[in-house]
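Asker: Take this sequence and fold it.
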Amino acid sequence: MGRRSERLSRQGALAGDAGEGDVIQVVSRAFDVLRCFEGHDSRLGNLEISNRCGLPRSTVSRLTHTLTRMGQLVYLPRDQKYRIGPSAVAMSASMMKGAQLRSMIRQRLQEVAEQLPGTVGFVVPDRFHLVYLQFARSASALGLHEGTGSRISMASTAAGAAYTAALAPEIGDAFIAEMEREAPEAAKILKPRIEANRQSLRERGYVVACGLWSPHINGLAVPIWSPQYQTFVVITIGLLSAMYDEQRLHDEVAPLMLALGRSLGSLMEGAEGDVFNNRISRKPVAIAVHNNNKPIHSEGVNELEAGTRRARPARSLRAGDGRR
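Answerer: Sure, this is the predicted structure:
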């Protein structure tokens, strides 16, 4: 029971459950400042950062001063602006090492992309958004054209629906409550659909979203538990609605995506360190993903957290130690 509580606590923190005191406000604000440097803007002043973060300029000034002393930012006296510092670059480099595993993930995405005319992505949660870490598409892909580093809405995408549905109910509900306070318009889209998304995930192992992000795009997504990050990552695909209606998603797309989920789940279960570590162990695993409501197992012990809601058939699966 203690291990379950600890993992649920970690999951809640990653889902943004700040109301329970898991996030220290000044740390959260510091990361908000660093996020302002995403995209093409490499140099920003305190006023520009303040406008982007919605924080008082005096608060931003204190944060940028501290981040500069830590090496996360560098101050440019001539421009009176800041840019990302060497410590932040080094941190990013250490997180993105392991070209072997990244290549293997992308290869598996590409195998699916060659069979479907859409964009297949591997995304991770970032507050009320998700970020593409890897993607693949065929030469004939139409419609959605996201790329590595692109941010998508948690509320209006299949990937966001799958991620929030996969969270344990108490964690997911707290996450939506947080969204209602900080991003109420997004919460209005997600909250009415959460129970249907949870039911779809229980019964099918995936979630669909038709015309939600765009009337021209239908999506399907499968969440995967990441032991490295103690949260869910998601594989998702977007296809033109004119070519793939909801029934065709279920019939033709879902089997391919569920198989991809098993493959990537096995890959991450066998990886040591973070998702981008280049050393991959060969230990056998069991992946609790299913097709047509039948669980599919491999050798070994299922290490996915049994106390969280994840892709499973309608009847709950038990982990190797008997916990739910």
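
Asker: Quick check on the residue nearest to residue 137 when sequence neighbours are not counted: phi, psi?
Answerer: What sits nearest to residue 137 in space, not counting adjacent residues and going by C-beta to C-beta, 6 or more residues apart in numbering, is residue 119, at 4.6 Å. C-beta: built from backbone N, CA, C; applies to glycine. Residue 119 adopts backbone torsions of phi -100, psi 120, taken as degrees, to the nearest 10.

Asker: For residue 119, list each beta-bridge partner.
Answerer: Residue 119 forms beta bridges with residue 137, residue 238, as assigned by DSSP bridges.

Asker: from what I can see it touches residue 110, true?
Answerer: No. Using C-beta atoms under 8 Å, residue 119 is not in contact with residue 110, being 11.2 Å away.

Asker: So what would you say the end-to-end distance of stretch 188-199 is?
Answerer: 19 Å (C-alpha to C-alpha, to the nearest Å).

Asker: Need the residues that contact it.
Answerer: 154-156, 160-162, 164-165, 169, 172, 176, 179-180, 207, 212, 309 (C-beta atoms under 8 Å, 6 or more residues apart in numbering).

Asker: Buried members of those into ChimeraX, please.
Answerer: The ChimeraX selection below is limited to those of the contacts of stretch 188-199 classed as buried (16 or more other C-beta atoms under 10 Å):
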select :154,155,156,160,161,162,164,165,172,176,179,207,212,309
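
Asker: quick one: which of the contacts of stretch 188-199 sit in helices?
Answerer: 160-162, 164-165, 169, 172, 176, 179-180 (DSSP state H).

Asker: joint contacts of residue 119 and residue 110?
Answerer: residue 136.

Asker: Those two - which one has more neighbours?
Answerer: Legend: neighbour count by other C-beta atoms under 10 Å for residue 119 and residue 110, higher for residue 119 (26 against 15).

Asker: Which pLDDT does the model give that one?
Answerer: Note on residue 119: pLDDT of 88.

Asker: Go ahead and list the helix or strand containing residue 262.
Answerer: Assessed by DSSP states H and E, residue 262 sits inside helix 254-269.

Asker: Stretch 203-213 - what's its average pLDDT?
Answerer: Mean predicted lDDT for stretch 203-213 stands at 92.

Asker: tell me how far the ends of stretch 33-46 are from each other?
Answerer: So stretch 33-46: terminal residues 10 Å apart, C-alpha to C-alpha.

Asker: pLDDT averaged over that stretch - what is it?
Answerer: On average, stretch 33-46 scores 80.

Asker: hmm, who's touching it?
Answerer: For stretch 33-46, using C-beta under 8 Å, 6+ apart, the contacting residues are 48-49, 52-53, 55, 57, 60-61, 63-64, 67, 72-73, 76, 79-84, 88, 149, 151.

Asker: mind listing the helices for this structure?
Answerer: Ranges of helices within the chain are 2-14, 25-35, 46-53, 57-69, 86-95, 99-113, 158-166, 169-182, 184-190, 194-204, 246-248, 254-269, based on DSSP H.

Asker: What helices and strands are in contact with the last one?
Answerer: Contact partners of helix 254-269 among helices and strands, from 3 or more C-beta pairs under 8 Å, 6 or more residues apart in numbering; DSSP states H and E: helix 99-113, strand 217-226, strand 231-240, strand 289-291.

Asker: Go through these and name the closest to residue 249.
Answerer: strand 217-226 (5.1 Å; C-beta to C-beta).

Asker: Can you tell me which helices and strands that closest one packs against?
Answerer: Counting contacts by 3+ C-beta pairs under 8 Å, 6+ apart, strand 217-226 is packed against helix 158-166, strand 207-214, strand 231-240, helix 254-269.

Asker: Tell me the strands beside that strand, with direction?
Answerer: strand 207-214 (antiparallel), strand 231-240 (antiparallel).

Asker: now the angle from it to helix 194-204?
Answerer: Orientation check (axes from the mean of the first three to the mean of the last three C-alpha atoms, to 10 degrees): strand 217-226 against helix 194-204 gives 70 degrees.

Asker: Please renumber the chain so that the first residue is 25 from this point on.
Answerer: Yes, from this point I'll number from 25; that puts the last item at strand 241-250.

Asker: Show me just the buried residues among the contacts of stretch 57-70.
Answerer: 73, 76-77, 79, 84, 87-88, 91, 96-97, 105-106, 108, 112, 175.

Asker: Roughly how far does residue 190 sit from residue 257?
Answerer: 10 Å (C-beta to C-beta, to the nearest Å).

Asker: now do residue 242
Answerer: 21 Å.

Asker: neighbour-wise, which of the two wins?
Answerer: residue 242 (29 against 25).

Asker: isn't that one right up against residue 263?
Answerer: Yes. Residue 242 lies in contact with residue 263 (C-beta under 8 Å); the separation is 5.6 Å.

Asker: joint contacts of these two?
Answerer: Shared contacts of residue 242 and residue 263, defined by C-beta under 8 Å, 6+ apart, comprise residue 273.

Asker: Name the residues of stretch 215-235 that are buried.
Answerer: 215, 217-218, 221-222, 224-226, 228-234.
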